[in-house]
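> Have a look; sequence and predicted model below, questions after that.
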Amino acid sequence: MIETEFLEKLKKDYQANESQRRQIISAANNILFEAKKTIFALQRQDFKSAVVKLNDAEKALKDLQARFGAARLNREGAYKAAVEEYLEASTFHATIKGKKISAISSLDLDYEGYLGGICDLIGELVRYATNRAAAGKFNDVAKIKKIADDIMAQLVDFDLTGYLRTKYDQARGHLRKLEQMAYEIKLRGKK
């Protein structure tokens with residue numbers, strides 16, 4: 001037999017956890033959506049809108065961390081996905097603005113989110129380079145390729161495994177697309 005008081009405590013703990021989980025998932029989905037809209041705005045070079053959305057996402061992440069703490073949040077996949085998307089948007093913004101990618105001191109974020117976001121950044125750089133080439137800004141493609149090369153050269157030292165290895169392999173594939181694009185532009189003699 002199970003002790004009734006023990007069972008009641010388990011039930012109370014479970015229900016509290018489930019309530020937190022639902023709140024975290026709901027907020028994380030909103031953050032993920034704002035980060036995606038940020039990336040879309042950056043691709044269109046709507047920097048004003050992108051900064052507002054990026055700040056809103058950061059504010060929401062701060063609120064979640066204040067309410068639940070990083071340790072509790074990191075147990076939820078929806079939160080981790082939102083953080084990764086936010087970091088992708090943040091690093092994309094920094095990159096196209098010519099800033100260095102660095103830690104976001106106002107948030108308690110782990111290495112997995114940063115590395116996943118940075119790997120995903122390479123894919124956004126491919127789309128950005130494609131858009132720049134379509135606008136006739138062929139010199140931008142070479143600059144974007146150089147940035148992606150530099151990032152990938154640093155990531156190779158991590159010897160990533162598991163989920164992050166998959167992200168890294170995807171980033172390598174995106175880098176190849178940038179290399180191909182730069183090659184074709186050079187062949188055609190575009191400046």
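Ah, there it is. Residues are numbered from 1 along each chain as shown.
> what helices or strands is the helix-or-strand element of the chain with minimal mean pLDDT leaning on?
Of all the helices and strands that make up the chain, the one with the lowest confidence by mean pLDDT, DSSP states H and E is helix 70-73; it has a mean of 92. Packed against helix 70-73, as judged by 3 or more C-beta pairs under 8 Å, 6 or more residues apart in numbering; DSSP states H and E, are the following elements: helix 4-43. The way it works is simple: take the backbone N, C-alpha and C, and place the C-beta from them, glycine included.
> hmm, back to that, now the least confident helix or strand of the chain - C-alpha only, PDB.
Extracted C-alpha coordinates of helix 70-73, given in PDB (Å, rounded to 0.1, in the frame of the first residue of the first chain):
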ATOM      1  CA  ALA A  70      17.100  28.600 -15.700                       C
ATOM      2  CA  ALA A  71      17.300  25.100 -14.200                       C
ATOM      3  CA  ARG A  72      13.500  24.500 -14.400                       C
ATOM      4  CA  LEU A  73      13.300  26.100 -17.800                       C
END
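> how far is whichever helix or strand comes after that helix from where the chain is centred?
Where DSSP states H and E defines the elements, the next helix or strand beyond helix 70-73 is helix 77-96. Between the centre of helix 77-96 and the centre of its host chain there is 2 Å, according to C-alpha atoms, centre = their mean, to the nearest Å.
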